[in-house]
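> Here you go, sequence then predicted model.
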Amino acid sequence: MKTCIITRVYSGLLAALLTTAALAQDVKPLPAVVVTSASNVNEKVIQSFKGTFKDAIDPIWYRLDKNYLVKFIMNEQKNTALLNKNGRLIYNIGYGFEKDLPMDISDLVNGSYGDYKILHAIHVNENNRSIWVVNLEGLKKLIVVRVEDGELEEVGNYVKG
């Protein structure tokens, strides 16, 4: 009986090691991304930014390869936007709280997770998609949900330590 248990334990460890070794071989490095401060931003990009984000405060510009990354405050929220060299918006991310959620999103999240408190609400706009990522805290768990087109999906569930 003891031999059988020991054999199973060793077999399990061997399988785990082989799986780890097989997965490690498929890892490919990501290309390098260079972010630098942008002192001279293309006028077309600035005009596009001002047209899209009329109430933006304190924009700080960076070059991200051939694109422009801008961090700014709007409606008392931190924001990050990426624009291409022609001024086309690639994406915008707004970082907020429960008060910043639209009522329908807040109702959906609170209806599904009534015992949880909303800690943060992150709004991602990309390619005509509006995605909310909401961080929730309960007594014993932290949960991350994603809401798009009225569909709620739990993407993270963590036990508090």
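Arrived safely. Numbering: from 1, shown residues only.
> in the protein, what secondary structure element scores lowest on mean pLDDT?
Within the chain, judged by mean pLDDT, DSSP states H and E, the helix or strand with the poorest mean is helix 2-25; its value is a mean of 42.
> Pull out the buried residues from stretch 149-159.
Across stretch 149-159, burial judged by 16 or more other Cβ atoms under 10 Å covers Leu152. Glycine gets a C-beta too; all of them are placed from N, C-alpha and C.
> Give me the contact list for it.
104, 108-109, 112, 133, 140-147 (Cβ atoms under 8 Å, 6 or more residues apart in numbering).
> can you rerun that using 10 Å?
The contact list for stretch 149-159, computed with Cβ atoms under 10 Å, 6 or more residues apart in numbering, reads 104-105, 108-109, 111-113, 129-136, 140-147.
> ok, which stretches of this protein are helices?
Listed in chain order, the helices of the chain (DSSP state H) span 2-25, 43-52, 103-112.
> Let me see the domain layout of this protein.
32-92, 97-161 (automatic domain parsing).
> Could you dump these into a markdown table with mean pLDDT added?
Listed next are the domains of the chain as a markdown table, based on pLDDT from 0 to 100:
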| stretch | mean pLDDT |
| --- | --- |
| domain 32-92 | 90 |
| domain 97-161 | 96 |
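> picking that back up, buried among the contacts of stretch 149-159? Make that a PyMOL selection.
Remark: buried members of the contacts of stretch 149-159, expressed as a PyMOL selection using 16+ other Cβ under 10 Å:
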select buried, resi 105+108+109+113+132+133+134+135+136+142+143+144+145+146+147
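> now, which of the contacts of stretch 149-159 lie within strands?
In strands, judged by DSSP state E, the following of these are found: 129-136, 141-147.
> Of all pairs in the residues you listed, which one is the farthest apart?
Arg129 and Lys141 (27.8 Å; Cβ to Cβ).
> wait, Lys117 sits on Gly138?
Yes. Between Lys117 and Gly138 there is a contact under Cβ atoms under 10 Å: 7.6 Å.
> okay, and the common contacts of those two?
Here Lys117 and Gly138 share no contacting residue, scored by Cβ under 10 Å, 6+ apart.
> Tell me who's in contact with Ile90.
Per Cβ under 10 Å, 6+ apart, neighbours of Ile90: Leu64, Asn67, Tyr68, Leu69, Ala81, Leu82, Leu83, Asn84, Asn125, Glu126, Asn127.
> Brilliant, that's me finished.
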